[in-house]
Structures are given as C-alpha cells and as structure tokens.
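Enquirer: Sequence first, predicted model second:
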Number of protein chains: 2
Amino acid sequence: MEMLTLSFVSSGEKPLYHQLYEYIKEEIRSGRIEFNTKLPSKRKLSAYLNISQNTIQAAYDQLIEEGYIVAVPKKGFFVSPLDNILNLDLKSSGKYIENRIKVEQLVYDFSYHGVDHDSFPFTIWRRLIKEAINEYDMDLLKPGSSQGRRDLRVSIAKYLRHSRGVNCSPEQIVISSGTESLFQILIQLLGQEYIYGIENPGYEKLNLLFKSNNAKFKTIDIDMKGMKMEEIEKSGADILCITPAHQFPSGEIMPITRRIKILNWAYERKSRYIIEDDYDSEFKYSGKPIPALFGLDTYDKVIYMGSLSKSLSPSIRVSYMVLPELLLNQYREKLSFIVCPVPTIDQKVLQRFIEDGHFERHINRMRNIYKRKREVLVGELVEFKGRIDVLGADAGLHLLLRVNNGMSEEDLVDKAKKVGIGVYGISNYFYNKNSLDKSATVLLGYAGMKDEEIRQAISKLTEIWL
Amino acid sequence: MEMLTLSFVSSGEKPLYHQLYEYIKEEIRSGRIEFNTKLPSKRKLSAYLNISQNTIQAAYDQLIEEGYIVAVPKKGFFVSPLDNILNLDLKSSGKYIENRIKVEQLVYDFSYHGVDHDSFPFTIWRRLIKEAINEYDMDLLKPGSSQGRRDLRVSIAKYLRHSRGVNCSPEQIVISSGTESLFQILIQLLGQEYIYGIENPGYEKLNLLFKSNNAKFKTIDIDMKGMKMEEIEKSGADILCITPAHQFPSGEIMPITRRIKILNWAYERKSRYIIEDDYDSEFKYSGKPIPALFGLDTYDKVIYMGSLSKSLSPSIRVSYMVLPELLLNQYREKLSFIVCPVPTIDQKVLQRFIEDGHFERHINRMRNIYKRKREVLVGELVEFKGRIDVLGADAGLHLLLRVNNGMSEEDLVDKAKKVGIGVYGISNYFYNKNSLDKSATVLLGYAGMKDEEIRQAISKLTEIWL
C-alpha cells in the first residue's frame, strides 16, 4: 500500500497517534487492508499526512503491541495474518450484492453476441499496440478530438467506400464507442421532439435506449422486405431506425424496391431521416454484395452507422457514423464539445490495422470461416427432415429456425437449456407481442461456436426436439 | 539525413514552426528528401538552427498529422512513402472542411489540459498491455458488463478508500469514458425534471452538456468557500455539481464548515443530491490531505466522481463514479443495458496498473513533479514585484493570476498570444458574466510545461506585461 488518507478530528479529545492507530486497526479488522499488505513507511506517511514521524511511530507501536502488524527489519511494517475467517465474513456481508447477469451454465451457447475467438489477430494486434505506444509521439497523451482522430477517419472512409459503397469524406465521420453511444449522440443532435420508428421485431435494447433518453419512439412491424410502408405512415414516425443489409433478427435483406420506397418516404418531409444500422453487413455468403442504403440516397437523408463489434470483437467498443451535410453542421455547432470516448492508443492501433490492410484480410478470412460454420449448421439441420425451416438470408452471424414439431417457443428454449444448449426465442425481440405469429421460432448465433460444437449441439437438439 | 539548412524570415509574418514545416513539406513533395529518410533529431536540429525544440516539435507534429512523416518509436522521424501523401492530398478536396479546433501555434502553452508527457510510464504500460492481450483469455473478446469489469472496480474501490477516504463497495462503482459520459448517465438516471446547479465560474463544458441533454440547470455563484448558500437556495436547484477538493477554476478548497452546510442542505429534501467531481484531488502539495466529501455523507446523498484524465492522461478516457444505494438500484433497473464504453483490454491493463501499485507510485511521483513545477512557476512570478496575485490553494495542476498592471484580461491574453504564449482568461469559465469582477485574471496550467519552459515563458511575460 502506498498511502493512507484519513481526516483527523482536531477537537483534542483523542491524540493524533490514537486516531491513526484506530483508523488502521479498523481497516485491518474489516479486511479493507489485507493480510501481508506493507504499510507506508513512517517517513512517507509523515510527509503525506503532515504529522510528525513520532506520532506515526507511536501508532505503529501500538498496532505491533496488539498484534495487528509486524515490523520486519529493513523491510517495513506488514499486516499480520489475523483472523482470516472474520475478515472474510465481514467482507462478504456487505449490503451490496453484485448485479451479476445470471449466466446459465451452458455447454453450447448459440448466443448472437459471440465472435470466433480463435481467429482474432492477437499477434498483429499486440505488435501494433507496441508500436503505437511511442514516447516520441506527442499526440499520445493529449485529449482527443470530438469526432475521433482524423487519420482513423480517413482509413474508415476508404474502407467504407471500397467495401460498402459508402462514399463519404472523413470529415463526415463521427467515431464513438458502440452503437448505443451513437444513438445517444443522434438523439441529442436530432432532438427529442421527433418520433423514432424502430423495427418490430428488432434489436432488444433499442427501446430501452430511447426510453432512458426520454425520446419518443414507435415500434413498426416488418414483413420479409423490412418495415411495412403502411405501418410507417400510420406510426407518424419522423426518423426510421432500420437494418436493411440484414434485418435483425429476421435475417432478411431489404430489396431495392422497398429501399426506394423508404428513401422516397424520407424525401417527403424535411424532418425525416433514416438511420441505417449496418451492423453485420460484411458477412454475406452468396450472391452479389449489396451496397449500403446510404449509397442510394441523393438528398442527404441517410445516417450510416457501422461497428466493429461483429467484424472484429464487441469488446473493442468502436463504432462510427456518417452524417449528412446538414446534420454535420449541426453536430459541429451543438456537440463538438463531446470528446471521442475511444482511447487515443486504441484509435492509433485501429488506424494502422485498417490502413495496413489487416482489417480487410481479417474480414475476408472471417467471411470464409463464418460461411463454413453456417454450412455446418444448416447441413446438420437436415436431420430434422422437413420439420424445421431455416429463415433469413445467407448472411450474417445468426439464423432463425421455425420448428414445426408442435412444441411452443418456450418449450423449445427450456428443453434445450436443460441439456445445456442456449437458443433464443424470437419473442425476446418483439417489442409488440401482438405481431408475433403462432409458429415457434428460435434464434441461433453461430459465430462463437466451433464446427464440432455445432455438430454436437444439433445432434442433441434432434434428440430432444423430435 | 544529418541536418537541414534553411533561413528563416524574421518579419514575424509566419511563425518559425510554420516556416520550418513548409520548408520540409516542400522538400518532401518535390522529392528532394526521399522516402524513408530519417530527419534530424529535435535536439540536434534545435542546436543547429538555434531555435527551441518546441518549435521543431510543432513543425514535426504538423507534418505527422498531414502524413508527410511518421514517428518510429525509439528511432526518430522518417519521411513517409510518397503515394500516401498523394492520397492525402486527394482526400482533402471534398466539400467538407475539417472542423479543426484552430490550434494556436503556441511555443509555450499554459493549457490546463496538459499532463507531464515525459513522466508517463510508457514501459510499464507497454508491458501490461502485452500481458493483457492473451489468446487464452476467453473473456477478452466478450462484450463487457454494464458497470465495467469487477476486478477493476475492486481495485478502484481499494484505491479510493486509501487515497481519498471514499469507503465504498465495488458494486457501487460505474466505470465510463470521461466525466461527460458519467454526467450523461446521471441525467438519464436522475431524470430531466430536476434542476442541476453548476458552479459559476466552472468547468466550461458543463452547461453545454446539460443543454444538449435537454436538462434544466442554473448557474450558482461561488465565493472563496464554494457555492454560496443563499444562491443555492435562490436557484431552486435539486442537484448540485461541485468540485470541493479544488474548485475549478478558482482553485479554492471547500472548508469543512461549507461542506457540512451543503450536506445539510441536501438532507432537507428527498430529491436533493450532490455530485462531487474530484477531478484533480490527488495533487495537494502542502498541509494534510482532505478526504472527499463523500466520506462525510451519512445519508447517501453524495455521488462521487473521479477520472484518470489528470492523474494519468486525458487520452486514456476512463472515469468512474460511486452511486449511493438508492441510485444504484435505479441504475440496475433502468440502465444496466448500457455497455461500459471502455475496451476490455484497457480495463485489464488499468486493473493491473492499479493493483500492482504502479498507479499510486505514479501519483506520488507526479505529486512531486507537479509540486516542483508549481514552485518554479510561483518562484518566477516574484519578478512581477507585487503587481500580481497568485490565487487558489497549493494544489492541482493550475493556478490563477490576478494581474494589477492596468491591462484588461483580453489585453493580457492577446499580448501573450502574440509572443507565442497561451494563457486563459478567467471569463471563459463564467457562464454568467455579471458575476465577473473587474480585475484581470488569467488561468495558467503548468502540468504540460517543462521547468525551463516555465522560466522562459514567465520571463517573456514580464517583458510584455510590465
């Protein structure tokens, strides 16, 4: 332990040494200072607390006498191994209990939050970080800019142009940490007076996000092509939040006809905008790649949003958006005081990772890996001999299963859980349960599972679901 | 390349750094300095051209930013491949212009955003990161928890107890990226229906933050002890945002009498809370350390907020707050869907950094370094022979100067800027300018300046201010 901080009562009732003694004793008894901790030296503590070394000596002497600490010659003062049992008791009896999200003990987890751990480029990442931490780099400890480092935005702009058909300038890009924080910025930027339309079913946190930010929102039912046009009109929404590349969770790709209709809807009024969340668009396994909706937009009505959570890892906490001109100007006027939350070193590493081509190579590699995993999964499902439908496009990191065996969604999930398999009921993603049809459908994410695990899990599922 | 030779135009039209930057840029663009050439070291070039290393740093920084040169750790500065440069040129021809916060090219910058670059523990940090990026660590790529990693919260709780007298449990801590994001969370948590009271003068972004989050706020005038009690009552505020350890920008420490009054004010109503921003409390150079207000509170009315921006670096983007029980429960109910924005690797590195004692050692070291810088600065100010008052406690990383030479604040700032010195007028920090008194006062941050630079800058200031 380097230092102790306490306040002394100067009423004179208790001498300073006694107050210090009592304080340290309590800290030790409660377990807050742990067994074997080295106490600060008399010299240092004296300088820090601005009291004499004699006072500290007196307090330490008393603690030694009572057995709380021991003096080790030439080393210093250490806390004795007192009643470890009492310590432990006290420590765990706090009134606060950790808010642990109960992790089900799953042997096979088809969570859609996973990525392939084994394929993460650990070696390259380590090297790039080592290079980024450069004491000659005078930028490294400076507070960041609002939209994120320009060199990183240049790299992202190039990447978006090549891989997503998003033709934007680095100046339009705002970097932040996660899609949630981008939505928070947008709510501040666009204002609370508008109605946000979100897909039903959709990403399970979006409603919470709008609620906690006090923003109005309406859920809008989707069909196979995306949000239904008549539902959009009926909702009175001004700003639509959609996932055209791969609707979450249905897995459908919005066809060009609906894209044009939605853009035309946005063109009708000044207040209207479309927020395009392109969350896992890098992964499309057959057919031509489909450029982002942003690329079709000719009137600056689409806000493009991307993230590295699926393409690299959700633990990286990097997302970005591309603002149309008008909103960019408003951002600069109103919100440029916001500091980009991504640490400078991380921004530098990511910039090199993209600029040196590692990112595109990684994505190409992952596309093959995830494609194979999907094939393994779909291949195994033939066991169900027509009693199962695979829904969603040949893309992304998850698919939907409609199981026609007479079991309810809840039954499917519970039975799977009992044998240690995590699958996720589609109703989790319906804000408006009225729109839920009667068929039992579950979501399976496969990115975090190994081929062999997929085989084993599906083999178990056939046993309990058939 | 061993050396560069150019002649500077001393007309004063263009600063020296700019002339150097333009010269090198032209040399590179024309191909006269070839790709991969090593530029002279700052030290050598500074000696050779007889200009300061800061000037050379400024020129090199600009060249790095524009992509003409790169800094290679432990090797020096090298010219980039030319196609990179051409690329950059093309990129900047769009209709969007970079929203560059016009960085005045200052030779000496007394900005309070600086930290001592040379003392950052680069070697330890690099080692800890290398250790943290461990492919066998299955947590590394998982999405983070809402309040941040528990092991990091345990380390922060221990640190806060020893060094700030904040006795809290790790469960009460919420980790986020920067004080701004903590305030955003609190506004969502406490609600928009309350009035937030902010110190006048105060941290220059706080009003923007409340405005953009659509939260009501009132500015509350301070005296030497902190917010005035009668102004608090008059304002109708429910939640006070204060900096008792070292008021920003006045630099005063709130005495125990005012602390108790403010706590008692909070105890009067259920809706009342105090947000204690303890932004640079680690740095107190004389007298006893004063524990945080949080430690005095017996009725769960204080929300404690801390940050690593001053103690480590603003580019790290890590802050934390301690929630009282009631608010913790509300956080868990309403906001636990928020993902902690600090990347997992960064959280792991920081946890080791604190747990292994590096953090406290770093702070103790920095306390001595900043104490010395402050002494150098205050020592130099005797040149003003009583025509200057140093305001604020012997603490923190900045001080205020009241200059009694008949010049206005604006004059002081402008004259200093003309000779390349950045000082900051106190009126920048007044939300309500009516409360500003007539004396000309400027803020000087000294953390980012070297001793010698402080001496040179103050010597120049005496010339122009006397």
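Expert: It's in. Residues are numbered from 1 along each chain as shown, chains lettered A, B, ... in the order given.

Enquirer: Any residues of the stretch 151-300 of chain A in contact with chain B? List them.
Expert: When proximity is defined by C-beta under 8 Å from any C-beta of the partner chain, the stretch 151-300 of chain A lies next to chain B at A:151, A:154, A:157, A:169-172, A:177-178, A:180-181, A:184, A:188, A:192, A:205, A:208-209, A:212-214. C-beta: built from backbone N, CA, C; applies to glycine.

Enquirer: And for the closest residue to residue A:216 other than its chain neighbours, the neighbour number?
Expert: Sequence neighbours aside, residue A:195 is the residue nearest to residue A:216 in space, at 4.8 Å (criterion: C-beta to C-beta, 6 or more residues apart in numbering or on different chains). Residue A:195 has 16 neighbours, counted by other C-beta atoms under 10 Å in any protein chain shown.

Enquirer: Buried by neighbour count, from the residues of the stretch 151-300 of chain A next to chain B: which ones?
Expert: A:151, A:154, A:157, A:169-172, A:177-178, A:180-181, A:184, A:188, A:209, A:212-214 (16 or more other C-beta atoms under 10 Å in any protein chain shown).

Enquirer: who does the helix or strand containing residue A:241 pair up with?
Expert: Using DSSP states H and E, residue A:241 falls within strand A:239-242. Strand A:239-242 has the following sheet partners, assigned by DSSP bridges: strand A:195-200 (parallel), strand A:273-277 (parallel).

Enquirer: any idea which of these is most buried?
Expert: Across those, the average number of neighbours (mean count of other C-beta atoms under 10 Å in any protein chain shown) peaks for strand A:273-277, which reaches a mean of 25.

Enquirer: from the residues of the stretch 151-300 of chain A next to chain B, which ones fall inside helices?
Expert: Judged by DSSP state H, those include A:151, A:154, A:157, A:180, A:181, A:184, A:188, A:208, A:209, A:212 as members of helices.

Enquirer: would residue A:163 count as being in a helix?
Expert: Yes: checked against DSSP: H, G, I helix; E, B strand; the rest coil, residue A:163 lies within a helix.

Enquirer: And for it, the neighbour number?
Expert: 19.

Enquirer: before we move on, what about residue A:320?
Expert: Other residues near residue A:320 number 24, with proximity taken as other C-beta under 10 Å.

Enquirer: and what of residue A:264?
Expert: Neighbour count for residue A:264, taken as other C-beta under 10 Å: 12.

Enquirer: Is it correct that it falls within a strand?
Expert: No: using three-state DSSP, the secondary structure at residue A:264 is helix, not a strand.

Enquirer: ok, and the closest non-adjacent residue to residue A:404?
Expert: In space, residue A:404 is closest to residue A:387, 5.1 Å off (C-beta to C-beta, 6+ apart).

Enquirer: Pick out the residue nearest the middle of chain A.
Expert: For chain A, the residue nearest the mean C-alpha position is residue A:314 (5.0 Å; C-alpha atoms, centre = their mean).

Enquirer: OK, contacts around it?
Expert: A:113, A:115, B:141, B:142, B:143, B:144, B:339 (C-beta atoms under 8 Å, 6 or more residues apart in numbering or on different chains).

Enquirer: 10 Å instead, please
Expert: Listed by C-beta atoms under 10 Å, 6 or more residues apart in numbering or on different chains, the contact set of residue A:314 reads A:113, A:114, A:115, A:178, A:307, A:308, B:141, B:142, B:143, B:144, B:339, B:344.

Enquirer: Was I right to think the last one contacts residue B:144?
Expert: Yes: in this structure, residue B:344 is within contact of residue B:144 by C-beta atoms under 10 Å, at 5.6 Å.

Enquirer: Overlap in contacts, these two.
Expert: The contact sets of residue B:344 and residue B:144 overlap at A:314, A:315, A:317 (C-beta under 10 Å, 6+ apart).

Enquirer: What's the local residue count around the closest residue to the second one other than its chain neighbours?
Expert: Spatial nearest neighbour of residue A:315, chain neighbours left out: residue B:344 (3.8 Å); criterion: C-beta to C-beta, 6+ apart. Using other C-beta under 10 Å, residue B:344 has 24 other residues around it.

Enquirer: So which bits of stretch A:126-142 are buried?
Expert: A:126, A:128-130, A:132-142.

Enquirer: Let me have the strands paired with strand A:239-242 in TSV, adding mean pLDDT as columns.
Expert: Formatted as TSV, these follow (pLDDT from 0 to 100):
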stretch	mean pLDDT
strand A:195-200	97
strand A:273-277	98
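
Enquirer: Just send these back as TSV, with distance to residue B:61 too.
Expert: As requested, the strands paired with strand A:239-242 are exported to TSV (distance: least, C-beta to C-beta, whole Å):
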stretch	distance to residue B:61
strand A:195-200	42
strand A:273-277	36
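
Enquirer: Of the ones you listed, which is nearest residue B:447?
Expert: Nearest of the strands paired with strand A:239-242 to residue B:447, taken as C-beta to C-beta: strand A:273-277 at 40.4 Å.

Enquirer: Next secondary structure after that closest one?
Expert: As assigned by DSSP H and E, the chain's next helix or strand after strand A:273-277 is strand A:302-307.

Enquirer: Tell me the spacing between residue A:402 and residue A:465.
Expert: To residue A:465, residue A:402 is 12 Å away according to C-beta to C-beta, to the nearest Å.

Enquirer: sorry, that was for residue A:318
Expert: To residue A:465, residue A:318 is 39 Å away according to C-beta to C-beta.

Enquirer: now residue A:157
Expert: For residue A:157, the distance to residue A:465 - C-beta to C-beta - is 47 Å.
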